[in-house]
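# fold the following, please.
(one chain, ligands or ions: 1)
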Amino acid sequence: MITAAIRFPEKGIFKMKDTLVMKNMQQPIRLKNMSPGELAEQIRSTGEPAFRANQVIKWVYQKRVDSFEEMKNVSKATRRMLAGKFTIEKLPVAAVLPSPRGDAVKFGFALRGDPYIIESVLLFDGDRHTACLSSQLGCSLGCTFCETGNLGFIRNLTQEEIIGQLIGINDYCGKMGERLVTNIVFMGMGEALSNFEAFRASLAVIMNEECFNIGGRRITVSTAGVIPSIERLMREDLAIGLAISLNGYSNEGRSAVMPINKKYPIETLTAIAARYFKKTGRRVTFEYIVIQGETDTPEAAQSLLKLIGSLPCKINLIPLNPPPGKPGTPSQEELIRFLERLHGLGLAATIRAGRGRDIGGACGQLTARKYPFPDTEAGGNASPANR
Ligand code: SF4
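Numbers count the residues shown, from 1 in each chain. Take a look at the predicted model:
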C-alpha cells in the first residue's frame, strides 16, 4: 500500500517479437510458481532421488542462483534435464533507489509480459531488515489517498512475482554485505488479501524452512478490510500479523476515503479484530493516517476510544504524505500531541517511522513517478556507514 507501478517508456524492455517466439516453444515450468511440495513431486517424477528437490530449493531460494548450471552439487546430466524442464529466471531489477538517509531502499522490478515496473521497499531498523512487498499490479479498491488505487486494477501478481521481489531484495542485501531480509510486510502495491491464492502460496515459500524460513511472527499483512479473506486467514491458522487500514474515526469519514467501507464498515473491522486476537493471540494493528486538522482532533481521539478502546489492539499513526505542494501533513509536534492525546485516553498507539519518505517509499507517497536515475544494477549508497 505504499508503492506504485511505473509504465515503461514506449519501447518496453520486452519486445512483442520475443513473446511470439516464446509462444512457439515448449514453455518451461516456472519453478517459483510451485509450492515446495509440488516441486518435490515434479522432481521425483523425473526419477531423481527425494533429496534432489531440497538441493534445488536451497540453490534457488537461499543461494538465489538463476541458472541450473550453478548447482554444483548436482550432476551435469541432471542439471541439463532440470534446465530443460523448469525455468528459474529472476524478476528483472529495473531500478534501485537507496535513500540518502540510509534507512530505506526502493526497488523497481520489471514484469515479464507487462510494460510496468512494480515497486518494493527495503526498510532498515537496526538488525531488522523488512521487505515491503507488492501483491497486485494496481488495485481495485480505489482509496482516494493512494496512487496505486488511482491506477485501477490491472492484474494480480503471481507467486513467482511476489517471491521474485524478495529474492531481488536479498540479492541486494548480499551484494552490500548486509543481513538478509528478516521481516516481511505485505504493504506494497495492491490488496494482498484480494489476491489470496498467490499471497497464500508465497507465504508457504517464505515460511518454509528450506526456502526463506521467515516465521509468521515476522510477517504482517495489511488490508483495507476484506473481511472474507481475514476469515480465511484465521481458518488457515497462519497466525501472521494483521494490520487493518482504518484511516477514519467514523463510517462517514472512512467511506469518503476508502470506498470499501460501504461494504465492510468499521463495526465489521472491530468485530473481526477481536476474533483475530482470540484465534491467534496477536493484537491487530489499526493503521491511521493523520491529516492535519482533520483526523487529529480531540473529537477524533474520543471517537477512536469508543470504537477500539476495549479491543486488544494498537494504533499506528501514519503522517499523511501528500503530493508535493498539497497541505495536510501534520508537523512532528502535532503528531506527538495527537499521540499523547491517545495515550491519555489509555489507547496503545505509536507513530510509524517515516523511513523511505525521501525516496517516495513511505506510506501514501503513491505516484507513478519515473525514477530519478535509470540504474539497472543493484548498488548505491545505503551502506551501514550511511545510516
Ligand atoms: S487497498 Fe487502498 S491503499 Fe491499499 S493499494 Fe488498494 S487502493 Fe491503495
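# quick check: which element contains the residue of the stretch 51-200 of the chain found nearest the ligand?
Closest contact between the stretch 51-200 of the chain and the ligand, by CB to the nearest ligand atom, is at residue 149 (2.7 Å). Using the backbone N, CA and C atoms, a C-beta is placed for each residue, glycine as well. According to DSSP states H and E, residue 149 maps onto helix 147-151.
# how far away from the center of its chain is the helix or strand just after that helix?
Using DSSP H and E, the helix or strand that follows helix 147-151 towards the C-terminus is strand 153-156. Centroid separation for strand 153-156 versus its chain: 15 Å, with CA atoms, centre = their mean, to the nearest Å.
# wait, does strand 153-156 contact the ligand?
No: Strand 153-156 is not in contact with the ligand by CB under 6 Å from any ligand atom; minimum separation 8.8 Å.
# quick one: buried residues of the helix or strand that that strand is followed by?
As assigned by DSSP H and E, the chain's next helix or strand after strand 153-156 is helix 159-175. Within helix 159-175, the residues that qualify as buried are 159-173, counting by 16 or more other CB atoms under 10 Å.
# where's residue 72, which helix or strand?
Judged by DSSP H and E, residue 72 forms part of no helix or strand.
# for the one 10 residues further on, same thing?
Under the criterion DSSP H and E, the helix or strand holding residue 82 is helix 76-85.
# buried residues in stretch 176-188, which are they?
Buried, per 16+ other CB under 10 Å, within stretch 176-188: 176, 178, 180-181, 183-188.
# with stretch 290-299 instead?
290-292, 295-296.
# so the residue of the stretch 51-200 of the chain closest to the ligand makes contact with residue 143?
Yes: in this structure, residue 149 is within contact of residue 143 by CB atoms under 8 Å, at 4.7 Å.
# what residues are up against residue 246?
Contacts of residue 246 were listed using CB atoms under 8 Å, 6 or more residues apart in numbering, and they are 254, 266, 269, 286-288, 315.
# if we can go back for a sec, restrict the helix holding residue 149 to CA atoms and write it as PDB.
Provided in PDB are the C-alpha atoms of helix 147-151 (Å, rounded to 0.1, in the frame of the first residue of the first chain):
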ATOM      1  CA  GLU A 147      -1.900   6.400  -6.300                       C
ATOM      2  CA  THR A 148      -1.900   2.600  -6.700                       C
ATOM      3  CA  GLY A 149      -5.700   2.800  -6.300                       C
ATOM      4  CA  ASN A 150      -5.700   5.600  -8.900                       C
ATOM      5  CA  LEU A 151      -4.200   3.200 -11.400                       C
END
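# quick one: classify residue 59 as helix, strand or coil.
helix (DSSP: H, G, I helix; E, B strand; the rest coil).
# can you check the one 5 residues further on too?
Of the three states, residue 64 takes coil according to three-state DSSP.
# just want the phi and psi numbers for residue 136.
Dihedral pair for residue 136: phi -140, psi 150, per degrees, to the nearest 10.
# burial count for it?
27 (other CB atoms under 10 Å).
# give me the beta-bridge partners of it?
Following DSSP bridges, residue 136 is listed with bridge partners residue 156.
# ok, back up a step: how close does the residue of the stretch 51-200 of the chain closest to the ligand sit to residue 260?
Plainly put, residue 149 is 10 Å away from residue 260 if you go by CB to CB, to the nearest Å.
# ok, now residue 124?
In terms of CB to CB, residue 124 sits 32 Å off from residue 260.
# which parts of the stretch 251-387 of the chain are helices?
Per DSSP state H, counting those that start in this stretch, the stretch 251-387 of the chain carries helices over the ranges 251-257, 266-280, 298-308, 332-344.
# got a list of contacts for the second one?
The one in question is helix 266-280. 225, 227, 230-231, 233-234, 239, 242, 244, 246, 248, 250-251, 254, 282-284, 286, 307-308, 311-313.
# which members of these occur in strands, if any?
Among those, the members falling in strands (DSSP state E) are 242, 244, 284, 286, 313.
# could those residues go into a markdown table alongside pLDDT?
Below are these laid out as a markdown table (pLDDT from 0 to 100):
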| residue | pLDDT |
| --- | --- |
| 242 | 97 |
| 244 | 97 |
| 284 | 97 |
| 286 | 97 |
| 313 | 96 |
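# and these, which is closest to the ligand?
residue 244 (10.9 Å).
# which non-adjacent residue is nearest residue 232?
residue 196 (6.4 Å; CB to CB, 6 or more residues apart in numbering).
# buried residues in stretch 26-38?
31-36.
# next: stretch 63-71.
So for stretch 63-71, counting by 16+ other CB under 10 Å, buried means 64-65, 68, 71.
# and stretch 252-266, by the same measure?
Under 16+ other CB under 10 Å, the buried positions of stretch 252-266 are 253-255, 257-261, 264, 266.
# span of that stretch from start to end?
10 Å (CA to CA, to the nearest Å).
# so who does the closest residue to the ligand within the stretch 201-350 of the chain touch?
Nearest residue of the stretch 201-350 of the chain to the ligand (CB to the nearest ligand atom) works out as residue 224 at 3.8 Å. Residue 224 sits next to 1, 141, 143, 191, 244-245, 258, 260 when contact means CB under 8 Å, 6+ apart.
# swap in residue 250?
Residue 250 is in contact with 266, 303, counting by CB under 8 Å, 6+ apart.
# any idea how far it is from residue 317?
Taking CB to CB, one finds residue 250 at 17 Å from residue 317.
# and if you look at residue 141?
22 Å.
# residue 156 contacts residue 193, correct?
No: applying CB under 8 Å as the test, residue 156 and residue 193 come out as separate, 11.5 Å apart.
# after the biggest strand by length in the chain comes which helix or strand?
Looking across the chain with DSSP E, the single longest strand is strand 116-125. Once the chain leaves strand 116-125, the next helix or strand it forms, by DSSP H and E, is strand 128-132.
# that next one packs against which elements?
strand 116-125, helix 159-175, strand 183-186 (3 or more CB pairs under 8 Å, 6 or more residues apart in numbering; DSSP states H and E).
# thinking again about what came up before, direction included, what does the next helix or strand after the helix holding residue 82 pair up with?
Following helix 76-85 in sequence order, the next helix or strand is strand 86-87 (DSSP H and E). Sheet pairing of strand 86-87 (DSSP bridges) gives strand 29-30 (parallel).
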